[in-house]
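# test case, fold it:
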Amino acid sequence: MDHLGAWLQIGSAICAFVAAGFWAWSAVGKAPEMTWAGIADLKPWLDDAARRNRWAASFAGLSAALDGLATLAG
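Below you'll find the predicted structure:
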């Protein structure tokens, strides 16, 4: 494998680890209580989880793209 392919693979692996970190972070913590008193806390909690999932999906997509480019490079 040439140097470009190796760097693309390294970038892919780093992005995959970052994605895994964001997905693990989005799973940490307990959802707010599903009561009328806790309903105000639900939307911010869901927004945070969705934001972390978007970041994780973005890094996973970048990892896949870099891996594909590494395959094409060689």
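
# contacts and neighbour counts: CA atoms only from here.
Noted.

# where along this structure do the helices fall?
3-27, 39-73 (DSSP state H).

# in this structure, which residue is most central in space?
Taking CA atoms, centre = their mean, the centroid of the chain lies closest to Ala56, which sits 1.3 Å from it.

# show me the contacts for that one.
With contacts defined as CA atoms under 8 Å, 6 or more residues apart in numbering, the neighbours of Ala56 are Val18, Ala19, Ala20, Gly21, Phe22, Trp23.

# can you pull the contacts of the fourth one?
If I follow you right, that is Gly21. Ala56.

# over to the last one?
Contacts of Trp23 were listed using CA under 8 Å, 6+ apart, and they are Arg52, Asn53, Ala56.

# same question for the first one.
Contacts for Val18 (CA under 8 Å, 6+ apart) come out as Ala56, Phe59.

# so can I have a markdown table of the helices of the chain showing mean pLDDT?
As requested, the helices of the chain are exported to a markdown table (pLDDT from 0 to 100):
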| stretch | mean pLDDT |
| --- | --- |
| helix 3-27 | 95 |
| helix 39-73 | 94 |
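
# and the nearest residue to Ala65 once chain neighbours are set aside, how many residues sit next to it?
Spatial nearest neighbour of Ala65, excluding adjacent residues (CA to CA, 6 or more residues apart in numbering): Ser12 at 7.8 Å. Ser12 is flanked by 24 other residues according to other CA atoms under 10 Å.

# cool, and Ala50?
Neighbour count for Ala50, taken as other CA under 10 Å: 13.
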